[in-house]
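S.K.: sequence? don't have it. structure:
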């Protein structure tokens, strides 16, 4: 009977510790869905920006561009507006481009084929800032930060002890 209680205690401790973990994952996005990175029909200049607005992008997510006889360029906002870049920050024309969003902020993509950007093959991606816990004014000093960490650890320990006590009474 004592080994069952010990096993139960171990399982409860493990499950309660999972409660406090945060999981960070990345996502893969196929630009333009099934159609891929193609010239939009009927000069729909907002096709790719509309696609982008339906998604949430985070740091380390990957954009996959599928295309034929075209290219993908990452450019500045001014180059995006002009639909032209002499020195892009990124260039690929292999037909299957994977681009990792490596920082928060805005990324500007255009086609490098003459006339395609003007016909709507351009897109702005906004990558969200990594989530961080909100801080109140009294947590700005190092001393208060340490106090907060200790209080958080104590609340975790209290939760674990309460859970163990609750289940311990069920099996006693």
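M.R.: Done, it's in. Fair warning: this is a prediction, and the values are worked out from it, not measured in the lab.

S.K.: didn't residue 27 look like it was pressed against residue 58?
M.R.: Yes. Counting by Cβ atoms under 8 Å, residue 27 does reach residue 58; the two are 7.2 Å apart. Just so you know, the C-beta spots here come from the backbone N, C-alpha and C atoms, and that holds for glycine as well.

S.K.: Compare neighbour counts for those two and give me the winner.
M.R.: Between residue 27 and residue 58, residue 58 has the larger neighbour count (other Cβ atoms under 10 Å), namely 16 against 13.

S.K.: Can you list phi and psi of the more buried one for me?
M.R.: Dihedral pair for residue 58: phi -120, psi 160, per degrees, to the nearest 10.

S.K.: before we move on, what about residue 105?
M.R.: According to degrees, to the nearest 10, the main-chain angles of residue 105 amount to phi 120, psi -160.

S.K.: for this protein, what spans make up the helices?
M.R.: Secondary structure of the chain by DSSP state H: the helices cover 2-19, 47-53, 77-82, 142-171.

S.K.: rank those helices by mean pLDDT and give me the bottom one.
M.R.: Lowest mean pLDDT within the helices of the chain: helix 142-171, a mean of 48.

S.K.: Can you give me the end-to-end span of stretch 61-78?
M.R.: Criterion Cα to Cα, to the nearest Å; first-to-last residue distance in stretch 61-78 is 25 Å.

S.K.: Now do it: everything it contacts.
M.R.: Identification of contacts with stretch 61-78 by Cβ atoms under 8 Å, 6 or more residues apart in numbering yields 26-32, 36-38, 85, 88-93, 95-101, 106-113, 116, 121, 125, 127.

S.K.: ok, the nearest residue to residue 56 once chain neighbours are set aside - how many residues close by?
M.R.: In this structure, residue 56 finds its nearest non-sequential neighbour in residue 128, 6.5 Å apart by Cβ to Cβ, 6 or more residues apart in numbering. Using other Cβ under 10 Å, residue 128 has 13 neighbouring residues.

S.K.: Am I right that residue 128 is in contact with residue 55?
M.R.: No. Contact criterion Cβ under 8 Å: residue 128 and residue 55 do not qualify, at 10.8 Å.

S.K.: Fine by me, thanks again.
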